[in-house]
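Chemist: quick one: sequence plus predicted model below, questions after.
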Amino acid sequence: MVQYKLPLPRPEISSASFVSPRWEKIRFEMDGISDHNDVKFHPVLIGPWTFVKLSQLEGMTFQEAMDRILPRYIEILKEMSARGFEYVQMDEPYLCHDLVRDDLRGVRKVYETLQGGVVR
């Protein structure tokens, strides 16, 4: 079997980094979508589990990184909801890896946190 390794940049998350969405880009894309009122679009985001799993963590644990990222996802989802998007597709390609029971509990907790932060 041939494995290809691409030199993909990995997000870096450290205790010193400021985690914030690029609102200009997100709003620009949402405004462009809203111009097409006759077609129903839905945004697609890389899910938080995959984002953190693929990130380069410096000086922090996976859980600490997740605790920093989840509030940003909640902000984005609330903004999308306020703009009238009925649902958002969250892609989690990292879930294709072999997972242990603790991973599954962690994924459930992440999505319960997201749902609790957005659906009120």
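Modeler: Received the coordinates, thanks. Numbering: from 1, shown residues only.
Chemist: now for the longest helix anywhere in the chain, which elements pack on it?
Modeler: In the chain, assigned by DSSP state H, the helix with the most residues is helix 62-82. Contacts defined by 3 or more C-beta pairs under 8 Å, 6 or more residues apart in numbering; DSSP states H and E place helix 62-82 against strand 12-14, helix 23-34, helix 48-53, helix 101-118. Any C-beta I mention is one placed from the backbone N, CA and C, and that applies to glycine too.
Chemist: now the ones you listed in a markdown table, with distance to residue 95, mean pLDDT and mean neighbour count?
Modeler: Formatted as a markdown table, the helices and strands packed on helix 62-82 follow (distance: least, C-beta to C-beta, whole Å; pLDDT from 0 to 100; neighbours: other C-beta atoms under 10 Å):
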| stretch | distance to residue 95 | mean pLDDT | mean neighbour count |
| --- | --- | --- | --- |
| strand 12-14 | 20 | 81 | 16 |
| helix 23-34 | 24 | 76 | 12 |
| helix 48-53 | 7 | 92 | 20 |
| helix 101-118 | 7 | 91 | 13 |
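Chemist: now these as a markdown table including distance to residue 75?
Modeler: Converted to a markdown table, the helices and strands packed on helix 62-82 look like this (distance: least, C-beta to C-beta, whole Å):
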| stretch | distance to residue 75 |
| --- | --- |
| strand 12-14 | 17 |
| helix 23-34 | 9 |
| helix 48-53 | 12 |
| helix 101-118 | 9 |
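Chemist: mind checking which of those is nearest residue 92?
Modeler: Closest to residue 92 of these, according to C-beta to C-beta: helix 48-53, at 5.0 Å.
Chemist: send the alpha carbons of that closest one over as CSV?
Modeler: Taking C-alpha atoms only, helix 48-53 is exported to CSV below (Å, rounded to 0.1, in the frame of the first residue of the first chain):
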residue,chain,number,x,y,z
PRO,A,48,-14.1,20.6,16.6
TRP,A,49,-12.9,17.1,17.4
THR,A,50,-11.1,16.8,14.1
PHE,A,51,-9.8,20.4,14.3
VAL,A,52,-8.2,19.8,17.7
LYS,A,53,-7.0,16.2,16.9
